[in-house]
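S.K.: What follows is a protein structure lacking sequence information:
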């Protein structure tokens, strides 16, 4: 993201929590009020779930203008959406890819989709599609573009089966590290 | 972005918005090199790659992706890709990879 926006980025250490979807909503509603812009990618493999990049509506506008530069004002809505979705795609796949390699778990990604809606609507759309996602792993990382005072969040929602596979992958990783 | 980089370097660029269109365009006019996104609507990039290679065993395909997984690279290589360019695109990397593949080499760095 730093390369794309030309700005230094500060990342907080991730906060990881296993909680219900309702608790995820509660947590995200505390920090992201009103509508949020989300880039959403479904991933499948030994671990399947939903990866989300979330920023506020204002944050999305700042990001778009940083990404598109002079072209942002003149660019079509479609071009702005495409550039934001591509940024999300790069961040989500980059982050998930590093984890996948470390844990020897390969995942395949879907086409990223961009939406502007409330946290509740966003998470409802995910749970309606997949009833297994009643309980979820919430991985929350905050990033800040230092000059633009912008914060965003990465959220990975997993089902219980995938969570069990993730724990197994982590155990194997720990064993490999101790050899 | 890729179009800008390539046209800026003097290449002629033809663009397809999905896998089926890419296959159709390639069958009508064979490109010297194909830059193929792994994630696309309709048909997955690696399936498009396999079909392109069926259509033309000599097709030179560079896979474009933000996916950093080693297994993805191995899948692309097994499907017949000649190299990979990572997102976000870097002008030097893109042009270097295209030059290498057009010259008959590979570009996996």
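M.R.: Okay, I see it. Bear in mind that the values here come from a model prediction, so they are computed numbers and not experimental data.
S.K.: Name the residue most distant from the centre of chain A?
M.R.: residue A:179 (32.7 Å; Cα atoms, centre = their mean).
S.K.: Setting the sequence-adjacent residues aside, check what's closest to the one residue in chain A that gets nearest to chain B.
M.R.: The minimum distance from chain A to chain B, using Cβ to the nearest Cβ, falls at residue A:97 (3.4 Å). For the C-beta atoms, the positions are set from N, CA and C on the backbone; glycine is no exception. Spatially, and ignoring its direct neighbours in sequence, residue A:97 is nearest to residue B:68 (3.4 Å; Cβ to Cβ, 6 or more residues apart in numbering or on different chains).
S.K.: contacting residues for that neighbour?
M.R.: Counting by Cβ atoms under 8 Å, 6 or more residues apart in numbering or on different chains, residue B:68 touches A:93, A:94, A:97, A:98, A:101, B:86.
S.K.: Surely residue A:15 and residue A:140 touch.
M.R.: Yes. Judged on Cβ atoms under 8 Å, residue A:15 makes contact with residue A:140 at a distance of 4.7 Å.
S.K.: Pull the contacting residues for residue 25.
M.R.: Using chain A. So residue A:25 contacts A:119, A:120, A:123 (Cβ under 8 Å, 6+ apart).
S.K.: You answered for a different chain; I wanted chain B.
M.R.: Residue B:25 neighbours (Cβ under 8 Å, 6+ apart): B:14, B:16.
S.K.: Retrieve the pLDDT associated with it.
M.R.: Looking at residue B:25, its pLDDT is 94.
S.K.: before we move on, what about the one 4 residues further on?
M.R.: Reported pLDDT at residue B:29 in the predicted model: 91.
S.K.: Quick check, it in contact with residue B:14.
M.R.: Yes. Using Cβ under 8 Å, residue B:29 makes contact with residue B:14 at a distance of 7.0 Å.
S.K.: For chain A, name the helix or strand with the lowest mean pLDDT.
M.R.: Every helix and strand in chain A was compared by mean pLDDT, DSSP states H and E; the lowest is helix A:71-74, with a mean of 64.
S.K.: that older thread, can you lay out the contacts of residue B:68 as TSV showing secondary structure, distance to residue A:157 and pLDDT?
M.R.: Formatted as TSV, the contacts of residue B:68 follow (DSSP: H, G, I helix; E, B strand; the rest coil; distance: Cβ to Cβ, whole Å; pLDDT from 0 to 100):
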residue	secondary structure	distance to residue A:157	pLDDT
A:93	helix	16	91
A:94	helix	18	88
A:97	helix	18	89
A:98	helix	19	88
A:101	helix	21	90
B:86	strand	26	91
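S.K.: circling back to that earlier point, so if I had to pick from residue B:29 and residue B:14, which one is more boxed in?
M.R.: residue B:14 (12 against 7; other Cβ atoms under 10 Å in any protein chain shown).
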